[in-house]
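*Asks:* this one's sequence-less:
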């Protein structure tokens, strides 16, 4: 998804970098012919309680600089999405979808053109502070070990970013990641044609997840998800449990009355690197240059979950400023 910056606290990195990143990303997609579409998004209320929450979400988005949204009532909702059920909604026309693999391929190409060397299938096993930077030991795909030095170290290791920081001695409780699994079910039997854009429910408390919502890809295939399941053992389980299909159906049928249980099929799964455990409030991105902790030139990016993809180019600019680029 290309998000708009709706849910995040005013002034947070998630809010600022998402709003800026969205515009940078659309420009980048146009310049490099990366598949994308501004299909728009509705956040829908199906009860009076949810309708009251809609007002709060709208106000928060405005505070974050999201200027293209409108609260709409049932008649206008049905003019946009005649097959859904909602009594009130917020319409975000600039929310979109993107070919994420095409984006990553183009970013890789740009990096290589600018002199970057990619080393895949390799593992960082040791980081040491030296006088003029850092000595980094890596084991490659052939189990060969080698060490290189760098003036700057940018730790953007996703699910392993807290462990990379620990290698240097930065074992900080606030940096500890929690793993949250998100599963998707695809919707078949031609039901993808029943919506034209993205349809989201009012999100869960603390934005652990945004609720089971309906997404489309560039081929107009519909998926429901993602869920938000805490993985206390931090296991890398990317399976989709078909036994959860009924729960997905019951979550979505409230606002997608046209779906049937037999339309759903297990699809894909991801794991979010969150900075919150169950019951804890949502946390912001950590993007921190660690001079104050005795490690100048070491930059941690920890907890870069959604809206990390939307924010990616804005994050790059932000980190570039830390290294004088």
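*Replies:* Done, it's in. Bear in mind the structure is a predicted one, so any value in this text is a computation, not a measurement. Numbering: from 1, shown residues only.

*Asks:* output the lowest mean pLDDT helix or strand found in this protein.
*Replies:* Between all helices and strands in the chain, the lowest mean by mean pLDDT, DSSP states H and E belongs to helix 48-63, at a mean of 93.

*Asks:* list the buried residues for it?
*Replies:* Counting neighbours by 16 or more other CB atoms under 10 Å, one finds that the buried residues in helix 48-63 are 50, 51, 53, 54, 57, 58, 60, 61. For glycine as for every other residue, the C-beta is placed from the backbone atoms N, C-alpha and C.

*Asks:* find the nearest non-adjacent residue to residue 95, please.
*Replies:* Excluding the flanking residues, the one nearest residue 95 by CB to CB, 6 or more residues apart in numbering is residue 41, at 3.7 Å.

*Asks:* give me the beta-bridge partners of that neighbour?
*Replies:* residue 92, residue 198 (DSSP bridges).

*Asks:* per-residue confidence for it?
*Replies:* According to the prediction, residue 41 has pLDDT 97.

*Asks:* cool, the one 5 residues further on as well?
*Replies:* What the model reports for residue 46 is a pLDDT of 95.

*Asks:* now for the residue nearest to it when sequence neighbours are not counted: which residues touch it?
*Replies:* Leaving aside its sequence neighbours, residue 46 sits nearest to residue 254 (CB to CB, 6+ apart; 5.0 Å). In this structure, residue 254 makes contact with 46, 85, 201, judged by CB atoms under 8 Å, 6 or more residues apart in numbering.

*Asks:* repeat for residue 263
*Replies:* Neighbour list for residue 263: 187, 188, 189, 191 [criterion: CB under 8 Å, 6+ apart].

*Asks:* which one's the longest helix in this structure?
*Replies:* helix 13-32 (DSSP state H).

*Asks:* what angle do that helix and helix 48-63 make?
*Replies:* Interaxial angle, helix 13-32 versus helix 48-63 (axes from the mean of the first three to the mean of the last three CA atoms, to 10 degrees): 70 degrees.

*Asks:* tell me the first helix or strand C-terminal of the least confident helix or strand of the chain.
*Replies:* strand 70-73 (DSSP states H and E).
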